[in-house]
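K.L.:
let's see this in three dimensions:
(4 chains)
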2 protein chains.
Amino acid sequence: MSGEKNGQRILVVDDEVNISDLIATSLRFVGFEVRTAATGSQALAIAEDFKPHAIVLDVMLPDQDGFEVCRQIRNEGIDVGVLFLTAKDGMEDKVAGLTIGGDDYMTKPFSLEELVARIRALLRRIGVVEIEHDDEKIRFADLELNEATHEVHRAGHLLDLSPTEFTLTRYLLINSDRVVSKSQILDHVWEYDFRGDAGIVETYISYLRKKIDIFDPPLIHTVRGVGYRLKVPSEQ
Amino acid sequence: MSGEKNGQRILVVDDEVNISDLIATSLRFVGFEVRTAATGSQALAIAEDFKPHAIVLDVMLPDQDGFEVCRQIRNEGIDVGVLFLTAKDGMEDKVAGLTIGGDDYMTKPFSLEELVARIRALLRRIGVVEIEHDDEKIRFADLELNEATHEVHRAGHLLDLSPTEFTLTRYLLINSDRVVSKSQILDHVWEYDFRGDAGIVETYISYLRKKIDIFDPPLIHTVRGVGYRLKVPSEQ
DNA sequence: TCTATTTCTCAGCCTTCTCTCAGTTTTTTA
DNA sequence: TAAAAAACTGAGAGAAGGCTGAGAAATAGA
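P.N.:
The predicted structure is shown next:
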């Protein structure tokens, strides 16, 4: 289960405390050991003895830019994968160009579900095997989601899902058989600055049903007043 | 049995003393060690040496908001799960992000039974194993309630229960073999501001009997003039 | 720039649930 | 044995929760 230290260390670097807290909390919950830093120099100091396996690094820091921080940390001989965070301005191209090796980047705002998935993929790529998550496929009954190819199959058929539908499917799959509330879904699957109400989850569940549950048996079940749950009806 | 100190410490923070008292009493009764605070700064002061495992925290406090209190407590290095309480008014905006990292939230008014269940689920999720309640299933005879899936089975058959029926069943199960009065049931299963009379409990017991006790032997027994009791008849 | 896709909101509809009430049955007491 | 008290249950009004189609707004792609 979650909560145990499994040895994967992540350093989160962002000057907005709200953001770094949010990220840190999420990553801790899924079992990582996490430290946070608000500036480049602070990040450097912490990295030195924390020796993180991966860094979540905002490219825009008060003292220096993220690439510089990244370079310095690697110069220390610390072998680390980096997930860059960038605002959605024009900088994306530049970031993409500078993202080399096993590194990756995401634009703010993002969903926590997506962040965790990227971190896991990153660790896999750089060869740090995470316990229990070394498989790139998540399965439930005849529904299968492939992390590497971003494909989802039901009963052997390839489904055509939009990005949000994909993320929602993954979240349901990860929590298969347990009830998840609409607010949980909203908090994990939607971008963290989303200000709408949980009604949108109903809409997307409706979309998903038309793609996933046109096959028998239906897997997405409503638990009135509580949330949704992936289950195989035959279980009784 | 309930009543013993099992080591789980809960801090309840709400400026309405009626509410925090109500919650504290309920939590103490089921075996938690409880402290209360009416303001954010008071909460912080108490948390420092009380080191709670979980906090029940109103988001609307006189001095500062609940999120700030939460952040400060965690900055003290206290690893704590939070159950946020929110009013059901226009505040729904601020409710975003509350279910991150094992945390949860409930809207006022709520039922005490629901609150206790959420606290237990929270402690389980963040890895604080509660004695005697480390399982997500509650059982009595061939009646079984699953907290994670929200399913109830009798003699292997899945029962279809409404939310209130589910909560009532849980309350009876937790108090199995003991007589619980109609007013006790009303106080625990219905929202704390419910202004109807205890007659509704009879109605719901009737509903439950038609779902649970169509199987033999009947488990729900009336103790005339006192209340109801879950028992296996052969026991006498 | 235009087009296609995706996201999001909203309103109408339908289903289920909650709660009250009143008539009935059961048990107790006088 | 009759009257009173307590509990049971069916019916129904109104509320709440959830589903979905339509369309506006935002975004990405050609």
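
K.L.:
domain parsing of chain A, as residue ranges.
P.N.:
Annotated domains of chain A cover A:9-125, A:137-235 [automatic domain parsing].

K.L.:
hmm, the last one touching DNA strand C?
P.N.:
I take that to be domain A:137-235. Yes - Domain A:137-235 lies within reach of DNA strand C by Cβ under 7 Å from any atom of the strand, at A:162-165, A:190-191, A:194-197, A:199-200, A:203, A:224-225. Bear in mind the C-beta positions are built from the backbone N, C-alpha and C, glycine included.

K.L.:
can you name the residue of chain A nearest to DNA strand C?
P.N.:
Using Cβ to the nearest atom of the strand, A:Gly196 is the residue of chain A that sits closest to DNA strand C, at 2.7 Å.

K.L.:
next up, phi/psi of that residue, please.
P.N.:
phi -80, psi -180 (degrees, to the nearest 10).

K.L.:
buried stuff in stretch A:32-49?
P.N.:
Buried residues in stretch A:32-49, counting neighbours by 16 or more other Cβ atoms under 10 Å in any protein chain shown, are found at A:32-40, A:42-44, A:46-47.

K.L.:
check what pLDDT the residue of chain A closest to DNA strand C gets.
P.N.:
Note on A:Gly196: pLDDT of 92.

K.L.:
now it: how far from DNA strand D?
P.N.:
A:Gly196 sits 11 Å away from DNA strand D, going by Cβ to the nearest atom of the strand, to the nearest Å.

K.L.:
mind listing what that residue touches?
P.N.:
By Cβ atoms under 8 Å, 6 or more residues apart in numbering or on different chains, the contact list for A:Gly196 is empty.

K.L.:
contact residues of chain A facing chain B?
P.N.:
A:1-4, A:17, A:21-22, A:25-26, A:28-29, A:112, A:177-179, A:181, A:183-184, A:186-188, A:192, A:194-195, A:197, A:223-226, A:229, A:231, A:236 (Cβ under 8 Å from any Cβ of the partner chain).

K.L.:
one more pass at 6 Å, please.
P.N.:
Within reach of chain B by Cβ under 6 Å from any Cβ of the partner chain, chain A has these residues: A:3, A:25-26, A:29, A:178-179, A:183-184, A:187, A:223, A:225-226, A:236.

K.L.:
the strands in chain A, which residues?
P.N.:
A:9-13, A:33-37, A:54-58, A:81-86, A:104-107, A:137-140, A:143-146, A:151-154, A:157-159, A:220-223, A:227-230 (DSSP state E).

K.L.:
out of those, which is closest to DNA strand D?
P.N.:
strand A:220-223 (3.5 Å).

K.L.:
what helices and strands are in contact with that closest one?
P.N.:
strand A:227-230 (3 or more Cβ pairs under 6 Å, 6 or more residues apart in numbering or on different chains; DSSP states H and E).

K.L.:
show me the helices in chain A, by range?
P.N.:
Ranges of helices within chain A are A:17-29, A:40-50, A:66-75, A:92-98, A:112-125, A:163-174, A:182-189, A:199-212, based on DSSP state H.

K.L.:
most packed of the ones you listed?
P.N.:
helix A:182-189 (a mean of 22; mean count of other Cβ atoms under 10 Å in any protein chain shown).

K.L.:
burial measure for the residue lying closest to A:His153 once chain neighbours are set aside, as a count.
P.N.:
Counting by Cβ to Cβ, 6 or more residues apart in numbering or on different chains, A:His153 lies nearest to A:Glu144, which is 4.8 Å off, once chain neighbours are set aside. A:Glu144 has 17 neighbours, counted by other Cβ atoms under 10 Å in any protein chain shown.

K.L.:
and the pLDDT for A:Glu144?
P.N.:
97.

K.L.:
still on that earlier bit, and the domains of chain A, which one averages the lowest pLDDT?
P.N.:
domain A:9-125 (a mean of 91).

K.L.:
run the chain-centre distance for that one.
P.N.:
13 Å (Cα atoms, centre = their mean, to the nearest Å).

K.L.:
swap in stretch A:136-149?
P.N.:
The answer for stretch A:136-149 is 16 Å, by Cα atoms, centre = their mean.

K.L.:
tell me the buried residues in that stretch?
P.N.:
Those would be A:Ile138, A:Phe140, A:Ala141, A:Leu143, A:Glu144, A:Leu145, A:Glu147, for stretch A:136-149 by 16+ other Cβ under 10 Å.

K.L.:
show me which of these neighbour DNA strand D.
P.N.:
Of these, not one also sits near DNA strand D (Cβ under 7 Å from any atom of the strand).

K.L.:
turn the buried residues of stretch A:32-49 into TSV, including distance to A:His153.
P.N.:
Formatted as TSV, the buried residues of stretch A:32-49 follow (distance: Cβ to Cβ, whole Å):
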residue	distance to A:His153
A:Phe32	29
A:Glu33	34
A:Val34	34
A:Arg35	39
A:Thr36	38
A:Ala37	41
A:Ala38	43
A:Thr39	45
A:Gly40	43
A:Gln42	45
A:Ala43	41
A:Leu44	44
A:Ile46	42
A:Ala47	40
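
K.L.:
DNA strand D contacts on chain A?
P.N.:
Checking chain A against DNA strand D by Cβ under 7 Å from any atom of the strand, the hits are A:182, A:199, A:202-203, A:205-206, A:209, A:222-227.
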